[in-house]
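*Asks:* sequence? don't have it. structure:
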């Protein structure tokens, strides 16, 4: 029998003074009350109650055990209440994983405003392009770009991840403006070091899709570094729209090859199955979706 349930029934029987009254409070039979207490006594190897047809009284062992059982049940009640508090309002630690560029531009600001709205929440934001294991590494939420592989997770669409091709006005004045993907062979291109044959971006050319140049004049493992190199006139840059929007608006970078941009990739929020998600997770999912919609990245 369940030990915690046995302790609860034993304490109730002590408080009520009889198996019959305890059974009425617990909504079980008096026979079942007796079975639970008998099982407890067998496990403990000690008699807890002296029972007659008219009355019951605690033994010395029963008196000590009843006192300790009350402490245990009180702690269980405290633990249950703490979970209910978590479910009542966003609180506790929220662990999030997101790709570097997307995470820095969208997820990090969303986390900041969420923490301001719910001061009882703390957050850990892991910005990297590695595929974390939510269960093994204890993450509540991950933002992922591209096709999803883990069917055991819940996936909620967030937005589309669009790329743009651009360069500084000084670069275009010196090397000219490419008119098609085939012109890239005559240009100095910049590339991210994580791109390879599996995850490279492909440009829809006139005959077939061609990959972004695999022999860049500069390869870097950091999106901000690549952007700064493009601003300095180092070459043509293929990068997420979210990372370049402000520079393009100010005219510091100029978009080219708009008709041959790579196909946008879907972005999803993924999280573990839970029949009752904690408010910290449900609240942040809604908050991040609202942030993306407000910034105009939804479509």
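*Replies:* Yep, it's here. Please read these numbers as outputs of a predicted model, since none were measured by experiment.
*Asks:* So residue 51 versus residue 241, what's the distance?
*Replies:* Residue 51 sits at a distance of 78 Å from residue 241 (criterion: CB to CB, to the nearest Å). C-beta coordinates here come from the backbone N, C-alpha and C atoms, glycine included.
*Asks:* Who has more neighbours out of these two?
*Replies:* Between residue 51 and residue 241, counting by other CB atoms under 10 Å, residue 241 is the more crowded of the two (18 against 15).
*Asks:* who's in contact with the closest residue to the more buried one other than its chain neighbours?
*Replies:* What sits nearest to residue 241 in space, not counting adjacent residues and going by CB to CB, 6 or more residues apart in numbering, is residue 162, at 4.5 Å. Residue 162 makes contact with 240-241, 261, 264, according to CB atoms under 8 Å, 6 or more residues apart in numbering.
*Asks:* residues touching the residue nearest to residue 193 when sequence neighbours are not counted, list them.
*Replies:* Distances taken as CB to CB, 6+ apart place residue 221 nearest to residue 193, at 4.3 Å, with adjacent residues excluded. Contact criterion CB under 8 Å, 6+ apart gives 192-194 as the residues in contact with residue 221.
*Asks:* hmm, try it at 10 Å
*Replies:* If you count contacts by CB atoms under 10 Å, 6 or more residues apart in numbering, residue 221 has them with 100, 129, 192-194.
*Asks:* Who wins on neighbours among those residues?
*Replies:* The member of these surrounded by the most neighbours (other CB under 10 Å) is residue 192, with 23 neighbours in all.
*Asks:* What are the buried residues along the helix or strand harbouring residue 225?
*Replies:* Residue 225 is part of helix 223-231, with elements assigned from DSSP states H and E. Residues 223, 226-227, 229-231 are the ones in helix 223-231 that count as buried (16 or more other CB atoms under 10 Å).
*Asks:* any idea which helix is longest in this protein?
*Replies:* Longest helix in the chain, counting residues (DSSP state H): helix 60-88.
*Asks:* Which is the succeeding secondary structure element to that helix?
*Replies:* The element immediately downstream of helix 60-88 (helix or strand, assigned by DSSP H and E) is strand 92-98.
*Asks:* distance between the helix or strand following that next one and the chain's centre?
*Replies:* In the C-terminal direction, the helix or strand that comes right after strand 92-98 (DSSP H and E) is helix 100-102. For helix 100-102, the separation from the chain centroid amounts to 15 Å (computed by CA atoms, centre = their mean, to the nearest Å).
*Asks:* wait, doesn't residue 161 sit right on residue 240?
*Replies:* Yes: between residue 161 and residue 240 there is a contact at 6.3 Å, judged by CB atoms under 10 Å.
*Asks:* list residues touching both of those two?
*Replies:* Shared contacts of residue 161 and residue 240, defined by CB under 10 Å, 6+ apart, comprise 99, 101-102, 145, 265.
*Asks:* Now for these: which two are most distant?
*Replies:* Looking at these by CB to CB, the two members farthest from one another are 101 and 265, with 12.7 Å of separation.
*Asks:* Name the residue in the two with the higher neighbour count.
*Replies:* residue 101 (22 against 16).
*Asks:* quick one on the thing from earlier: show me which pair in the contacts of residue 221 is furthest apart.
*Replies:* With distances taken as CB to CB, the most widely separated pair in the contacts of residue 221 is 100 and 193, at 11.9 Å.
*Asks:* which residues are in contact with both of those two?
*Replies:* 221-222.
*Asks:* Can you show me the helices along the stretch 51-200 of the chain?
*Replies:* Taking DSSP state H, counting those that start in this stretch as the test, the helices found in the stretch 51-200 of the chain are 60-88, 100-102, 108-117, 134-137, 169-175.
*Asks:* Make TSV out of the ones you listed and add mean pLDDT and distance to residue 182.
*Replies:* Output for these, formatted as TSV (pLDDT from 0 to 100; distance: least, CB to CB, whole Å):
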stretch	mean pLDDT	distance to residue 182
helix 60-88	81	58
helix 100-102	87	28
helix 108-117	96	38
helix 134-137	84	43
helix 169-175	96	15
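*Asks:* Nearest to residue 34 among these would be which one?
*Replies:* For the helices of the stretch 51-200 of the chain, distance to residue 34 was read as CB to CB. The smallest value, 14.4 Å, belongs to helix 60-88.
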